[in-house]
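*Asks:* The sequence isn't on hand, but the structure is:
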Ligand SMILES: CC(C)=CCC/C(C)=C/CC/C(C)=C/COP(=O)(O)OP(=O)(O)O
């Protein structure tokens, strides 16, 4: 098989890597034996996201390539252009994790290729259920944790996704004419999509950002039990770390303007979130077995 770390003819690498993410990807907190599998999932996700976000590819071509990745992952067909899907397929067969956690991502990124506006929160959550929730579900199944953990995990992943949309709202609009913030909310607040092109948020845009943050705060609240649900102490620490990152980003985005400046956590805040996660898990007992049902 071709070296899946090299890019193929159907890939359009953005140059982004795990170090550019908002949260730790396959961090040292996770069990070492699982990290190579997580790296394959990450490489697959990064590759298909880069195709969806390439401003120079026509939508039909993005869809053709994303369908190719889904097909290669679920059937093994497709050849060396789809090496990252084939590598993930081998990893998923070895670990027993369903292909669906990969193919669902292709559904979201195909949606990105053709949909640039969102009607309301439900519409946005429909997107997040395919773009972000599969990441947590993948990690849960890889660690052999119970599916009862999906509820809090979906809430955490969808919150991270919306926080990322808020951080990147101007960039996504300018580069891709893509606006995840519901357009009718902007119009209701007396603004328009053009508000995203200014030097700072208008009062209408700020109102919409705050409305999204209110919904996201509820997701972060629902995600709070997640670390306590995991039997794996390392995975619980990772989840607590990531939960704390979401909680801190929520505060930063409510205080600062993502249109005027890049809102992200400082290295100190990131490290503090890690310590918080480790400390939280060290002082709480692990569940011995998942609840029945
Ligand atoms: C169970 C558990 C611990 C779950 C957490 C899993 C996790 C880290 C989910 C994040 C999914 C997400 C928002 C990806 C977007 O990445 P991005 O913000 O880097 O987006 P971009 O690269 O496209 O800008």
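*Replies:* Looks like it arrived, so ask away. Here the structure is a predicted model, which is why all the values come from computation and not from measurement.

*Asks:* quick one: residue 154 and residue 129 touch, right?
*Replies:* Yes - using C-beta atoms under 8 Å, residue 154 is in contact with residue 129, at 7.0 Å. C-beta: built from backbone N, CA, C; applies to glycine.

*Asks:* how close does residue 29 get to residue 38?
*Replies:* According to C-beta to C-beta, to the nearest Å, residue 29 and residue 38 sit 11 Å apart.

*Asks:* correction: residue 198
*Replies:* Here the criterion is C-beta to C-beta. By it, residue 198 lies 39 Å from residue 38.

*Asks:* Tell me which of the two has more neighbours.
*Replies:* residue 38 (20 against 12; other C-beta atoms under 10 Å).

*Asks:* which of residue 154 and residue 129 has more neighbours?
*Replies:* residue 154 (22 against 17).

*Asks:* What is the neighbour count of the residue lying closest to the more buried one once chain neighbours are set aside?
*Replies:* Leaving aside its chain neighbours, residue 154 sits nearest to residue 133 (4.2 Å; criterion: C-beta to C-beta, 6 or more residues apart in numbering). Burial measure for residue 133: 23 neighbouring residues, criterion other C-beta under 10 Å.

*Asks:* for the one 10 residues further on, same thing?
*Replies:* Residue 143 is flanked by 20 other residues according to other C-beta under 10 Å.

*Asks:* Who are the contact partners of the residue of the stretch 1-150 of the chain found nearest the ligand?
*Replies:* Residue nearest to the ligand within the stretch 1-150 of the chain (C-beta to the nearest ligand atom): residue 136, separated by 3.5 Å. Taking C-beta atoms under 8 Å, 6 or more residues apart in numbering as the criterion, residue 136 is in contact with 150, 153, 154, 156, 157.

*Asks:* Swap in 10 Å and give it another go.
*Replies:* Residues near residue 136 by C-beta atoms under 10 Å, 6 or more residues apart in numbering: 101, 149-150, 152-158, 160, 223, 226, 239, 242.

*Asks:* Please list the residues of the stretch 151-293 of the chain that sit near the ligand.
*Replies:* 153, 156, 157, 160, 161, 164, 168, 238, 239, 242 (C-beta under 6 Å from any ligand atom).

*Asks:* Just the buried ones from the residues you listed?
*Replies:* 153, 156, 157, 160, 161, 164, 168, 238, 239, 242 (16 or more other C-beta atoms under 10 Å).
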